[in-house]
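Participant: below are the sequence and a predicted model for it; my questions follow.
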Amino acid sequence: MNTQHAVGIDVGGTGIKGALVDTQAGELLSERIKYPTPEGGTPGDIFEVIAQIVDDCGPDAAGLPLGVCVPSVVKNGRTLTAANISTEWVGLDAEEALEDRLGRDIVFLNDADSAGVAEAHYGEAVGQEGLTILTTLGTGIGSALIQDGVLIPNTELGHLELDGEVAEHRSSAVARQRLGQSFEQWAAGLERYYLHLNRLFSPDLFLLGGGVSKEADQFLHLISLPVPIRTAALRNNAGILGAAFLAHNTRNSR
């Protein structure tokens, strides 16, 4: 068993994906395995898919650290919220329940936090000093704060109120589509959102992630901020890589 290897799994509202990871190089060692998220997104059904992905990673995954990121605030292994998954996750001792199901140690964390950790160790924020704020723009807005490479967990900056409205209701990628906005129109509101974050947190770097980052050339140049804003590097692998990294480091620190 290679002591640098781990398994990372990223649970989303529409898909669950995972892979075997080399945590030293920050690379996938297997094909990215993906299954649709079961309808309703209940813990039991999602646990079954996670177990299948671990099996699909093959015998090399046996006994390796396993990290799982989910669209939820996670404290001490308990999921406290649920975004695009069943409300059965709210208040669930998810880490303990999945450990019982799989018979192995698990590390649970928020999906945006996982992406932020990955960017800090393998991506666009490697070696970045000070505060980096990653935002993932999708159905809502996820966020991760990284201070000198260290995660500050469970920030929910998409839920900030701005101009009397929850920010993600106007500035997420899905909100642009729902409102029928052009990228130019959307970018104006997005700039307002980032300026608000800058006023509150004074970061040294913004990173823009999520599926819409593939289209960053359509709008990023329209956003003018007093600090740099760049596209996150790791795209769809960020959650997997961050979960695997934290699972590996957690085991080694015990």
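Facilitator: That came through, no problem. Fair warning: this is a prediction, and the values are worked out from it, not measured in the lab.

Participant: and the one helix or strand Leu207 maps to, what other elements does it pack with?
Facilitator: Element membership for Leu207 (DSSP states H and E) is strand 205-209. Applying 3 or more CB pairs under 8 Å, 6 or more residues apart in numbering; DSSP states H and E, one finds that strand 205-209 contacts helix 111-122, strand 131-137, helix 183-201, strand 229-231. Using the backbone N, CA and C atoms, a C-beta is placed for each residue, glycine as well.

Participant: ok, now with 10 Å
Facilitator: helix 111-122, strand 131-137, strand 141-147, helix 183-201, strand 229-231, helix 238-253 (3 or more CB pairs under 10 Å, 6 or more residues apart in numbering; DSSP states H and E).

Participant: now that strand, how far from the chain's geometric center?
Facilitator: 13 Å (CA atoms, centre = their mean, to the nearest Å).

Participant: that strand pairs with which strands?
Facilitator: strand 131-137 (parallel), strand 229-231 (parallel) (DSSP bridges).

Participant: what's the average pLDDT for it?
Facilitator: The average pLDDT for strand 205-209 rounds to 97.

Participant: just use 731 as the starting number from now, easier for me
Facilitator: From this message on, residue numbering opens at 731, which makes the last subject strand 935-939.

Participant: that strand vs helix 913-931, what angle?
Facilitator: Per axes from the mean of the first three to the mean of the last three CA atoms, to 10 degrees, the angle that strand 935-939 makes with helix 913-931 is 140 degrees.

Participant: circling back: what's the most buried one of the strands paired with strand 935-939?
Facilitator: Mean neighbour count (mean count of other CB atoms under 10 Å) peaks for strand 861-867 among the strands paired with strand 935-939, with a mean of 26.

Participant: so Gly860 touches Asp934, yeah?
Facilitator: Yes. Here Gly860 reaches Asp934: they are 3.5 Å apart, a contact under CB atoms under 10 Å.

Participant: mutual contacts of those two, please.
Facilitator: Common contact partners of Gly860 and Asp934 (CB atoms under 10 Å, 6 or more residues apart in numbering): Gln877, Asp878, Val957.

Participant: in a markdown table: the residues you listed, plus neighbour count, distance to Arg906 and pLDDT.
Facilitator: Listed next are the shared contacts of Gly860 and Asp934 as a markdown table, based on neighbours: other CB atoms under 10 Å; distance: CB to CB, whole Å; pLDDT from 0 to 100:
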| residue | neighbour count | distance to Arg906 | pLDDT |
| --- | --- | --- | --- |
| Gln877 | 15 | 30 | 97 |
| Asp878 | 11 | 33 | 96 |
| Val957 | 15 | 23 | 97 |
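
Participant: what's the closest of the residues you listed to Ala905?
Facilitator: Val957 (23.6 Å; CB to CB).

Participant: quick check: Ile746 is in a strand.
Facilitator: Yes. Ile746 forms part of a strand when assessed by DSSP: H, G, I helix; E, B strand; the rest coil.

Participant: out of the strands paired with strand 935-939, nearest to Pro773?
Facilitator: Across those, closest to Pro773 is strand 861-867 (CB to CB), at 22.5 Å.

Participant: what mean pLDDT does that closest one have?
Facilitator: Across strand 861-867, the per-residue pLDDT values average to 97.

Participant: pull the number of nearby residues for Gly919.
Facilitator: Around Gly919 there are 18 other residues, counting by other CB atoms under 10 Å.

Participant: okay if I get the strands paired with strand 935-939 as JSON lines plus distance to Gly940?
Facilitator: Shown next, in JSON lines, are the strands paired with strand 935-939 (distance: least, CB to CB, whole Å):
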{"stretch": "strand 861-867", "distance to Gly940": "4"}
{"stretch": "strand 959-961", "distance to Gly940": "10"}
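
Participant: of these, give the one that comes closest to Gly788.
Facilitator: Closest of these to Gly788 is strand 861-867, at 29.5 Å (criterion: CB to CB).

Participant: mind putting the shared contacts of Gly860 and Asp934 in CSV, distance to Val837 included?
Facilitator: Formatted as CSV, these follow (distance: CB to CB, whole Å):
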residue, distance to Val837
Gln877, 20
Asp878, 21
Val957, 31
